[in-house]
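1. okay, sequence plus prediction incoming.
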Amino acid sequence: MFARRVIDLFSRLIFSRWPPNYKEYHSACEDMLVARLGPLHLEVNRCFVLDHDDASVHVRIPKPWGQLHVGYVICLGADQIRKSGLTSITGRTTPDKRETAVYSTWESAIQTD
């Protein structure tokens with residue numbers, strides 16, 4: 001119940017007038033909505049092939065060696081594509097100026113089902 005409300009709240013917030021713009025991405029099995037609201041990066045994913053929806057909020061922190069994204073993901077559905085909980089994504093810049101990402105996920109201490 002809580003997870004469904006958060007996912008709906010993020011969807012309404014993305015389509016509201018507060019974010020300056022939003023983007024929609026559509027693939028064969030999933031729709032994604034993305035928006036920036038100040039330092040926050042909001043994202044909602046709806047998978048219509050599997051029983052899975054998720055929403056996430058991230059903050060980007062610039063570092064001398066790359067970017068650090070810290071956030072929280074809430075998942076809903078029987079088929080868990082992503083894990084709920086705190087996430088961190090570290091982007092490291094290689095010598096040829098390309099970024100590579102290192103993912104790290106912590107499991108949630110809060111049960112969202």
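-> That came through fine.

2. and the pLDDT for Leu37?
-> Looking at Leu37, its pLDDT reads 88.

3. pLDDT score assigned to the closest residue to it other than its chain neighbours?
-> Closest residue to Leu37 apart from its sequence neighbours, by CB to CB, 6 or more residues apart in numbering: Pro19 at 4.9 Å. Where you see a C-beta, it was placed from the backbone N, CA and C, and this is true even at glycine. For Pro19, the pLDDT comes out at 87.

4. swap in Ser56?
-> Looking at Ser56, its pLDDT stands at 90.

5. list the beta-bridge partners for it.
-> With DSSP bridges as the criterion, Ser56 is bridged to Glu43, Val73.

6. who's in contact with the residue nearest to Leu37?
-> Pro19 sits next to 13, 35-37, 42 when contact means CB atoms under 8 Å, 6 or more residues apart in numbering.

7. in ChimeraX, select just the buried ones from those residues.
-> For the buried members of the contacts of Pro19, the matching ChimeraX selection, counting by 16 or more other CB atoms under 10 Å, is:
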select :13,35,36,42
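
8. pretty sure the residue nearest to Leu37 sits in a strand.
-> No. Applying DSSP: H, G, I helix; E, B strand; the rest coil, one finds Pro19 to be coil, outside a strand.

9. any idea how far it is from Leu76?
-> Here the criterion is CB to CB, to the nearest Å. By it, Pro19 lies 22 Å from Leu76.

10. repeat that for Ser88.
-> 22 Å.

11. ok, those two, which is more surrounded?
-> Remark: of Ser88 and Leu76, Leu76 carries more neighbours, 20 against 15, as counted by other CB atoms under 10 Å.
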